[in-house]
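> give me a 3D structure for the following:
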Amino acid sequence: MAFRFKSFKVYQNARLYCQLCRKVIKEKIRDKVLADQITRALNSIVLNIAEGSADHSDVEFARFLGISVRSVYETVAGCDLAHAYGMMDDKTYDEIETHAESLVKQLSAFRSSVLKAKSSKL
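Got it, this is the predicted structure:
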């Protein structure tokens, strides 16, 4: 496979999370500025996994995975605002938060494995 990031389970799960959130954004979030900000953060999750995987440095890849984690946090904060503004019901927000927690755990574990691979090469 020419693009190794496509084979990463965490990349595939990040795409699913983005699809879930995009559907919610289109259906529920009427504030265009907030919707655009959440969308940019969502895109950043998968794009940073892909971009980091292209580098030949494990440390640099781990840095990009860290950016992906921060982008997940940003999407949750954006959805929390939408929830607080009455644009998102409790059930939908809870579903997004549950998926986000799982994705952060996966990204963090993957990041740790990348860094361990780096330290075992020394």
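
> quick one: what helix or strand has the residue most central in space within the chain in it?
The residue lying closest to the centre of the chain (CA atoms, centre = their mean) is Ile45, at 3.6 Å. Following DSSP states H and E, one finds Ile45 within helix 32-54.

> okay, angle between the longest helix anywhere in the chain and helix 32-54 too, please.
For the chain, the longest helix by residue count, based on DSSP state H, is helix 90-121. Angle between the axes of helix 90-121 and helix 32-54 is 20 degrees (criterion: axes from the mean of the first three to the mean of the last three CA atoms, to 10 degrees).

> buried ones in helix 90-121?
Using 16 or more other CB atoms under 10 Å as the test for burial, helix 90-121 gives 92-93, 96, 99-100, 103-104, 106-107, 110-111, 114. Quick note: C-beta positions are derived from backbone N, CA and C, even for glycine.

> same question, stretch 72-84
Buried residues in stretch 72-84, counting neighbours by 16+ other CB under 10 Å, are found at 72, 74-76, 78-79, 81-83.

> sorry, back to before: thought the residue nearest to the centre of the chain was touching Ser71?
Yes. In terms of CB atoms under 8 Å, Ile45 counts as a neighbour of Ser71; the distance is 4.6 Å.

> which residues are contacting the host helix or strand of Glu27?
Here Glu27, judged by DSSP H and E, is contained in helix 9-28. Applying CB atoms under 8 Å, 6 or more residues apart in numbering, the contact partners of helix 9-28 are 5-6, 35, 38-39, 42-43, 45-46, 49-50, 68, 72, 75, 79, 82, 87-88, 92, 95-96, 99-100, 102-103, 106-107, 110.

> which elements pack onto the helix or strand encompassing Leu65?
For Leu65, the host element (DSSP H and E) is helix 58-84. Here helix 58-84 touches helix 9-28, helix 32-54, helix 90-121, going by 3 or more CB pairs under 8 Å, 6 or more residues apart in numbering; DSSP states H and E.
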